[in-house]
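Colleague: Predicted model follows, preceded by the sequence.
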Amino acid sequence: MSPAMAASQAVPGRAAGGVGRVLLWKGASVWVGRDTGQVQPHSHHAIQITLAAAQPIRIRGADEAAWRETPAAIVMPDRWHAFDGCGHPVAMVFVEPETKAGRALLARHGGHDVSLLSDDDALAALATALHAVFEARGTDQALIEAAQRVVEYLAATPAGPQAVDRRIAVVLDRVREQPGAELTLAQAAALAHLSPSRFRHLFVAQTGISFRAYLLWARVGFAVARGLGGGSWTDAAQQAGFADSAHLSRTCRRMFGLAPTMLVPEDAAGRPRKPVAAADPA
């Protein structure tokens with residue numbers, strides 16, 4: 001499901017949520033859904049590739065007063081932006097900048113906070129293929145592979161190992177594999193065979209954000225994927241290592257511009273499945 005599956009307050013009658021899927025793989029994720037709406041300005045620690053299915057979306061950076069319309073766009077990590085799916089199907093692919101593909105995307109598209117990707121027939125074909133897998137309710141692996149082809153095309157490089165110091169890479173792998181597990185800064189430093197102070201500085205130098213901020217980023221994506229997979233948002237929050245569902249909600253709002261309860265999962269037939277927890281604890 002797209003992170004923008006919230007109601008657009010500017011468009012009366014738009015659905016309050018969307019129907020879709022969220023899938024994670026090492027250093028990246030894909031969110032695909034229908035009925036995407038408008039969300040408040042937000043920022044997150046990942047490069048965001050936004051792909052419309054047929055109708056264009058609207059997007060703008062923090063320093064832009066006017067919306068820009070486009071079939072596709074790319075947003076650099078940790079940059080404030082706003083998005084409006086205009087009630088249409090949208091796919092988003094998130095790539096962490098610490099990965100090899102992330103570094104390549106930064107090098108190729110990092111000149112602007114938000115870049116429009118228009119008039120690119122090859123990208124349009126890849127976007128169409130990704131949406132087709134989603135509409136056909138393809139397997140998780142098929143959807144991930146379709147998203148990876150988009151990343152490899154825009155990065156002009158195949159997916160590969162992480163592009164950071166190996167000591168930091170060990171910690172990143174641990175967080176991605178077990179985002180809900182307790183991992184203090186001291187424990188992470190021990191994994192990297194560094195003192196806590198040296199680890200703290202090296203982590204920021206290699207990733208651009210603090211260890212705690214990265215941990216929250218990894219956990220919120222994991223929580224959303226678990227919440228959409230069934231069960232309550234309270235359970236998803238606990239499984240992801242959040243203190244409670246209110247903490248998850250606040251973090252999700254800051255990173256994606258909406259509360260997790262505004263995301264609606266789909267059943268096997270692609271129909272909205274009633275959320276287990278409908279209230280927004282925030």
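Modeller: Noted; the coordinates are in hand. Since this is a predicted model, take the numbers as computed values, not measurements.
Colleague: contacts, neighbours, all on C-alpha from now
Modeller: Noted.
Colleague: contact partners of the helix or strand containing residue 217?
Modeller: Secondary structure from DSSP states H and E places residue 217 in helix 211-228. Helix 211-228 is contacted from outside by 21-24, 44-45, 175-176, 179-180, 185, 200, 203-204, 233, 235-237, 239-242, 248, 251-252, 255, 260, 263-265, using C-alpha atoms under 8 Å, 6 or more residues apart in numbering.
Colleague: If we use 7 Å, what do you get?
Modeller: Helix 211-228 is contacted from outside by 22-23, 45, 175-176, 179-180, 200, 203, 233, 236-237, 240-241, 248, 252, 260, 265, using C-alpha atoms under 7 Å, 6 or more residues apart in numbering.
Colleague: Next, the buried residues of it.
Modeller: 211, 214-228 (16 or more other C-alpha atoms under 10 Å).
Colleague: how distant is whatever helix or strand comes next after that helix from the center of its chain?
Modeller: Going down the chain from helix 211-228, the next helix or strand is helix 233-239, by DSSP H and E. On the basis of C-alpha atoms, centre = their mean, to the nearest Å, helix 233-239 is displaced by 18 Å from the centre of the chain it belongs to.
Colleague: Could you list every helix and strand that the helix or strand following helix 233-239 packs against?
Modeller: Proceeding N to C from helix 233-239, the next assigned helix or strand is helix 245-256, under DSSP H and E. Counting contacts by 3 or more C-alpha pairs under 7 Å, 6 or more residues apart in numbering; DSSP states H and E, helix 245-256 is packed against strand 38-42, helix 233-239.
Colleague: The longest one - contacts with which helices or strands?
Modeller: For helix 233-239, the packing partners by 3+ C-alpha pairs under 7 Å, 6+ apart come out as helix 211-228, helix 245-256.
Colleague: buried sites along the last one?
Modeller: The reference is to helix 245-256. Across helix 245-256, burial judged by 16+ other C-alpha under 10 Å covers 245-246, 248-256.
Colleague: Out of those residues, which comes closest to residue 169?
Modeller: Using C-alpha to C-alpha, residue 255 comes nearest to residue 169 of those, at 22.9 Å.
Colleague: so how far is residue 155 from that closest one?
Modeller: In this view, residue 255 and residue 155 are 24 Å apart by C-alpha to C-alpha, to the nearest Å.
Colleague: per-residue confidence for the residue most central in space within the chain?
Modeller: Residue closest to the mean C-alpha point of the chain, counted by C-alpha atoms, centre = their mean, is residue 94 at 4.5 Å. For residue 94, the pLDDT comes out at 96.
Colleague: right, and it touches residue 27 too?
Modeller: No - judged on C-alpha atoms under 7 Å, residue 94 makes no contact with residue 27 at a distance of 8.4 Å.
Colleague: how much space between residue 193 and residue 167?
Modeller: For residue 193, the distance to residue 167 equals 7 Å [C-alpha to C-alpha].
Colleague: Give me the more crowded residue out of the two.
Modeller: residue 167 (18 against 13; other C-alpha atoms under 10 Å).
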